[in-house]
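Novice: Take this sequence and fold it.
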Amino acid sequence: MYPAGSARDFVTVGMSDTAVRESRERIKSAMMNSGFGYPNKSVTINLAPADLRKEGAAFDLPMALGILGAMGVVRRSDEYLLTGQLSLDGGIRPVRGALSMAVSARRERIANFVVPAENAAEAAVVEGVRVFGVKHLADAVALLNQPEQFAPVERSVPPAPEQDAAGLDFRDVRGQTTAKRALEVAAAGGHNVLMIGPPGSGKTMLAKRLAAILPCPAFAEALETTQIHSVAGILPSGTGLVAQRPFRAPHHTISDAGMIGGGPGIPRPGEVSLAHGGVLFLDELPEFPRNVLELLRQPIEDGAVTLARAAMTLSFPAHFMLVAAMNPCPCISQLHWESGRPRSRCSLVSRHSESSRSESRPPAARLLGEIQSSGALSVGGGQSVAFEFDPFAKCRRALDEKAVPLNVQRHGIGGWIGSANAPRNTR
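Specialist: Residues are numbered from 1 along each chain as shown. Purely as a prediction, here's the structure:
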């Protein structure tokens, strides 16, 4: 602080974004409403290192305590790592990435970590760091001045859940013997799954319940998953470790940055990273943009995503189980009549049959190129499972026995990718 100047002179240097610059008004209001007042001097805050861009409102609490320290209200806090967003009344709101900050504090040998109360359970998971949760600026000041009167948050690991949080249980599915058997094999071996069937056959229902039969994550897996969700800002308030394997089902209109990660400023994890350790479900696979499906190949092979930008390069884990669902062909759900007779051949068969052996084959074909299929249920190459099921098989056989003139063929093109001896169509 400088004697020359007024309270209106508040400058932050060090490549701060808009949220950091706007903290000036939040800090002034919080200090005055908490009874500490605000100095009638100019204030300059240096956010080092100067060449690294600062984003978010997590700097509010340390900046306010720094000003209070210059005023002589707070003692030195060299042994504390501070984070938190201030509200106008002095309350401290939660921030993103508290778990990753706790890991960094342990790496830098900082013994104490002061976080918002909503982030305390999350940060307390890390061993070797004493975590203190505060709800108000006055609580943070009292903690720094009289630390012996405050006890750190106890580390707690939640028990393994008996059922999915959404109430989805695999045992609720009735019938679908082949499909359930395929998913059990896939869950046991961590294989990718491609489900091919007509609309209403239960593909989405089965996929949503797949995470319920996956084994519970180990502590290291749960810690890594919790870090990703914390950085993305989707971790529920007051949550410690994520005890359930994630299930992510993005819409087919998703962008490449939403799927892989990125965005303005500091890149954020995408759906492939948010599904780390769990299931990534792509419903209506052929509807996804070509560029999005192309980008999935590298995370599937490497189990990680590297986002390179001009200012930084970040790597996010992306080891997930890919589950995709698609309809066999538009001709199954809608018959095309010509001269009073149904169309007997799909217009897409010849195109897909030729393109599957060329470089211009569909992106879904290249994505699931490791799938092998030699029957209703098959495990291919140790990586993928593909199957096709028809809940109306009995009705179709009954119609065939009565000689009803229906000669529509079903083509599960995606289920036979990568097999040179597989049939091109089936009834």
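
Novice: CA only for contacts and neighbour counts going forward, please
Specialist: Noted.

Novice: Quick one: the helices in the stretch 251-400 of the chain, in order.
Specialist: Per DSSP state H, counting those that start in this stretch, the stretch 251-400 of the chain has helices spanning 256-260, 271-274, 290-295, 297-302, 330-333, 349-355, 363-367, 393-401. These are given in chain order.

Novice: Show me which positions of the third one end up buried.
Specialist: If I follow you right, that is helix 290-295. Along helix 290-295, these residues count as buried under the neighbour rule (16 or more other Cα atoms under 10 Å): Val292, Leu293, Leu295.

Novice: list the contacts for the first one?
Specialist: Each residue near Val292 by Cα atoms under 8 Å, 6 or more residues apart in numbering is listed here: Ile254, Ser255, Asp256, Met259.

Novice: And the residues you listed, which of them are buried?
Specialist: Restricting the contacts of Val292 to buried positions leaves Ser255, Asp256, Met259, with burial counted as 16+ other Cα under 10 Å.

Novice: OK, contacts around the first one?
Specialist: By that I understand Ser255. By Cα under 8 Å, 6+ apart, Ser255 lies in contact with Val292.

Novice: and it, what pLDDT?
Specialist: pLDDT recorded at Ser255 is 92.

Novice: End to end on stretch 113-131, go ahead and measure it.
Specialist: Using Cα to Cα, to the nearest Å, the span of stretch 113-131 from its first residue to its last is 5 Å.

Novice: From the rest of the structure, what touches it?
Specialist: Residues outside stretch 113-131 that contact it (Cα under 8 Å, 6+ apart): 80-84, 92-95, 98-99, 101-103, 105-106, 110-112, 132-135, 140, 152-157, 237-241.

Novice: Out of these, list just those in strands.
Specialist: Tyr80, Leu81, Leu82, Ile92, Arg93, Asn112, Phe132, Gly133, Val134 (DSSP state E).

Novice: now that we have those residues, which one has the most neighbours?
Specialist: If you count neighbours using other Cα atoms under 10 Å, the busiest of those is Ile92, which has 28 neighbours.

Novice: can you tell me how far that residue sits from Ser42?
Specialist: Following Cα to Cα, the distance that separates Ile92 from Ser42 is 25 Å.

Novice: Relative to Ala70, which of the buried ones among the contacts of Val292 is nearest.
Specialist: Comparing those against Ala70 with Cα to Cα picks out Met259 as the nearest, at 45.6 Å.

Novice: Could I get the contacting residues of the closest one?
Specialist: The contact partners of Met259, taken as Cα under 8 Å, 6+ apart, are Gly270, Glu271, Val272, Val292.

Novice: ok, now Ala57?
Specialist: Counted by Cα under 8 Å, 6+ apart, Ala57 has contacts Ala19, Val20, Ser23, Gly84, Gln85, Leu86, Val95.

Novice: Type out the PyMOL command that picks the buried ones from the residues you listed.
Specialist: Paste this into PyMOL to select the buried members of the contacts of Ala57, with burial taken from 16+ other Cα under 10 Å:
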select buried, resi 20+23+84+85+86+95
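
Novice: between the contacts of Ala57, which is nearest Asp9?
Specialist: Top of the list for closeness to Asp9, among these and by Cα to Cα, is Ser23 at 13.3 Å.

Novice: Might one say that that closest one is in contact with Leu61?
Specialist: No - in this structure, Ser23 sits apart from Leu61 without contact. The criterion is Cα atoms under 8 Å, and the distance is 9.7 Å.
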